[in-house]
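A.B. asks: Test case, fold it:
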Amino acid sequence: MLAKLYTYSLFGIDARPVEVEVDISPGALPKTILVGLAEAAVKESTHRIERALVNSGYNRPIDRIVINLSPADLPKDAASFDLPIALGLLTASGQLSSDRFEDYAAVGELALDGTIRPIRGALSMALSAREQGKQGLLVPVENADEAAVVDGLDVYAVGTLAEAVGFYTGTLPIEPIEFSWENALEEHGHYDIDYSDVKGQEYAKRAITVAAAGMHHLLMIGSPGTGKTLLASRISTILPRLSQEESLETTRIYSAMGRLSRDQSLVMLRQFRTPHHTISEAIVSNCAF
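C.D. replies: Below you'll find the predicted structure:
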């Protein structure tokens, strides 16, 4: 029996749509074959998925299993394919039947007990799902707030494989996650430090204000203890707020790198780095100012 599901693969900070095809041939020599330019992290997933199925109360297929991740020329090196592959195995083996696979995609890494672990790039995957015309996207609970910022797409948080199965069969009602830009701005749009913390240094503060307003370069020279670091650390507090588009682009980078805080749906503050003067030129070239 053949099953088809949809998921996404992170490529840089963008997400590419991937079709997961699972075919089970009864009576053939038991073997699991995974094709589609899968890297080691994806190939190893078959062992995790088999144990997750058994430990979640489902039967592990023992026939010839062929799993195809299409397009075949797109490298796939993340564990986010675990959930759709597991759902495909259940469908191809007759343990799951659903008419929602066409409209709802799924991403997530499975633990051996069937719980769903967070992934990288959930925001980019949600954006790709909206562009693809999907009605909704199933994501791990830890990634739900991050993915829910995308308008026009229903995002559902699932914590276990059984919950994902319940959603697709319609036996477990799950409400989509709501996102409010105003609430996110109120919670994460404030600095712990402020430009007004600096006392005196009027000429230096005026120069920094002009440089920040005009987006000019700035070089601070002075003896140790004169306040250069204190001033530099507070430059970001007088920069303009991030627009929604800028916030989404910044968050996509942090999400793809796995550096987005679990309690934060969006990066609301403008990013700023102050590298030490002793670092190498190679590190300087990789710093964002």
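
A.B. asks: count of neighbours near Asn59?
C.D. replies: 12 (other CB atoms under 10 Å). Every C-beta, even on glycine, is put in place using the N, C-alpha and C of the backbone.

A.B. asks: That should have said Thr209, apologies.
C.D. replies: Neighbour number of Thr209 under other CB under 10 Å is 13.

A.B. asks: Once you drop chain neighbours, what's closest to it?
C.D. replies: Ile238 (6.5 Å; CB to CB, 6 or more residues apart in numbering).

A.B. asks: From Gly214, how far off is the one you found?
C.D. replies: Ile238 sits 12 Å away from Gly214, going by CB to CB, to the nearest Å.

A.B. asks: Using the three-state scheme, assign Leu127.
C.D. replies: helix (DSSP: H, G, I helix; E, B strand; the rest coil).

A.B. asks: where does the stretch 51-200 of the chain have low pLDDT?
C.D. replies: Across the stretch 51-200 of the chain, nothing is flagged by pLDDT under 70.

A.B. asks: now the helices for it?
C.D. replies: Counting by DSSP state H, counting those that start in this stretch, the stretch 51-200 of the chain has helices at residues 82-92, 122-131, 144-147, 161-169, 181-188.

A.B. asks: Tell me the buried residues in stretch 163-173?
C.D. replies: Neighbour counts over stretch 163-173 (16 or more other CB atoms under 10 Å) mark 163-165, 167-168 as buried.

A.B. asks: meant to ask about stretch 120-135
C.D. replies: For stretch 120-135, by 16+ other CB under 10 Å, it's 120-129, 134.

A.B. asks: With distance to Gly12 added, can I get these in TSV?
C.D. replies: TSV is the format used below for the buried residues of stretch 120-135 (distance: CB to CB, whole Å):
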residue	distance to Gly12
Arg120	12
Gly121	9
Ala122	15
Leu123	13
Ser124	9
Met125	13
Ala126	16
Leu127	13
Ser128	12
Ala129	17
Lys134	21
